[in-house]
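**Q** next comes the sequence, and after it the predicted model I'd like to discuss.
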Amino acid sequence: LVKPLREELKKFQGLVDGALRSYFPPAVPYAHRVRKAMEYSLFAGGKRIRPILCLMACKAVGGRMIKALPAACALEYIHTYSLIHDDLPALDNDDTRRGLLSCHKKFGEATAILAGDALLTEAFSLLSHREVMKKVPAGTRIQVIQEIAGAAGIQGMVAGQEADLEAEKKKVSLAYLRYIHNHKTGALIKASLVCGGLIGEGTTGEISSLRRFGEKIGLAFQIKDDLLNVEGQARVMGKKTGTDEKKAKATFPGMVGMEQSKHLGQELLGEAKKALKIFGKDAGPLVEIGAYILSRDK
Ligand code: IPE
Ligand code: IPE
Ligand code: MG
Ligand code: MG
């Protein structure tokens, strides 16, 4: 990672972490554990890629980044919920995440399920909050809510997660694999960019550019995730599986090999950059984070 980008990412991560802290729901009587579990996973060292993409997209269309902070946090809530549930024994059965115990290993399955439920719900509470979202016109707020709900629900991440589980049981085509990646991972990444653009009051042309960029880097992101999982980076990635005999997942490295997967990643990055032409030199930060997605080591 080049130094300026690393420092830039740190700055953005700090901004996002501060906002996440400030919006974090206050304590409730008799339900301390579930709130602790939400907090544990939310502040376990995530890279904050989705919120950062949202803020950068807002800036790229000429908006003030701070307007996009609540939506950025809501996206991280949804991402965190998806990881908590993804690690559960009924799904991927992973004991660790980011080098720490996964949520259910630390707090028990029941609390982890509830923590995921709460994070997903709180995301929409934030997005529709009159005070928190007061800088975003009501019409835009509804567009943002619709975009994120679509990306997280049955048209998006949930469908991808189900297809991913199905693919453990049968041999699947490359088209099926693309579907899994685009939905389980790509959809929320794309929505992060689109919402940043909407909040920044981008033009229709700018929003569709962000959408195309998001499609490309969303797929590239999951290909890189799978590459990292097989490149013996488990220690850096901080993941450990709950069972010895883990079911085979459908992945690009598994289906087309490491070299082809890396090649495809680069190809997608090239297409992603082209999608940003409309932004001229304002595309700089988005292009850099696109490159980071493929060069990262965790
Ligand atoms: C990991 O996402 C899971 C996928 C959707 C591929 P990230 O790599 O963004 O996870 P954290 O939050 O930074 O750990
Ligand atoms: C995670 O996909 C996607 C979601 C949580 C929606 P994976 O299961 O491939 O990601 P990791 O490897 O557990 O982070
Ligand atoms: Mg999974
Ligand atoms: Mg998983």
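**A** Alright, I've got the coordinates. Residues are numbered from 1 along each chain as shown. Ligands and ions are numbered 1, 2, ... in the order given.
**Q** what about the closest residue to residue 135 other than its chain neighbours, how many neighbours?
**A** Excluding the flanking residues, the one nearest residue 135 by CB to CB, 6 or more residues apart in numbering is residue 67, at 4.7 Å. Using the backbone N, CA and C atoms, a C-beta is placed for each residue, glycine as well. For residue 67, the count of nearby residues is 20 (other CB atoms under 10 Å).
**Q** then residue 93?
**A** Residues near residue 93, counting by other CB under 10 Å: 16.
**Q** which parts of the protein sit against ligand 2?
**A** 82-83, 86, 92, 157, 161, 184-185, 225, 229 (CB under 6 Å from any ligand atom).
**Q** check which residues of stretch 59-70 are buried.
**A** Residues 59-61, 63, 65, 67-70 are the ones in stretch 59-70 that count as buried (16 or more other CB atoms under 10 Å).
**Q** ok so, going back, okay, and which of the residues of the chain next to ligand 2 map to strands?
**A** Per DSSP state E, strands hold no members of the residues of the chain next to ligand 2.
**Q** how about stretch 104-122, does it reach ligand 1?
**A** No - judged by CB under 6 Å from any ligand atom, stretch 104-122 and ligand 1 are separated, with a smallest distance of 12.6 Å.
**Q** restrict that stretch to CA atoms and write it as CSV.
**A** Extracted C-alpha coordinates of stretch 104-122, given in CSV (Å, rounded to 0.1, in the frame of the first residue of the first chain):
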residue,chain,number,x,y,z
HIS,A,104,-21.4,-16.2,18.4
LYS,A,105,-18.2,-17.7,19.8
LYS,A,106,-17.9,-14.7,22.1
PHE,A,107,-21.6,-14.1,23.1
GLY,A,108,-23.4,-17.3,22.1
GLU,A,109,-25.6,-18.0,19.1
ALA,A,110,-28.8,-16.5,20.4
THR,A,111,-27.2,-13.2,21.2
ALA,A,112,-25.3,-13.1,17.9
ILE,A,113,-28.5,-13.6,16.0
LEU,A,114,-30.2,-10.9,17.9
ALA,A,115,-27.2,-8.5,17.5
GLY,A,116,-27.5,-9.0,13.8
ASP,A,117,-31.2,-8.4,13.8
ALA,A,118,-30.7,-5.2,15.8
LEU,A,119,-27.9,-3.9,13.6
LEU,A,120,-30.0,-4.4,10.4
THR,A,121,-33.0,-2.7,12.0
GLU,A,122,-30.9,0.2,13.5
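**Q** what's in contact with that stretch?
**A** Stretch 104-122 is contacted by residues 25, 33-38, 40-42, 74, 77-78, 80-82, 84-85, 87-89, 95-96, 100, 102-103, 152 when judged by CB atoms under 8 Å, 6 or more residues apart in numbering.
**Q** so where's the chain shaky on pLDDT?
**A** By pLDDT under 70, the weakly predicted segments of the chain are 1-3, 232-247.
**Q** find the closest residue to ligand 1 in it.
**A** residue 46 (2.9 Å; CB to the nearest ligand atom).
**Q** please confirm that that residue is located within a helix.
**A** No - going by DSSP: H, G, I helix; E, B strand; the rest coil, the assignment for residue 46 is coil, not a helix.
**Q** now stretch 157-168: buried residues?
**A** Residues of stretch 157-168 classed as buried: 157-161, 163-165, 167 (neighbour count, 16+ other CB under 10 Å).
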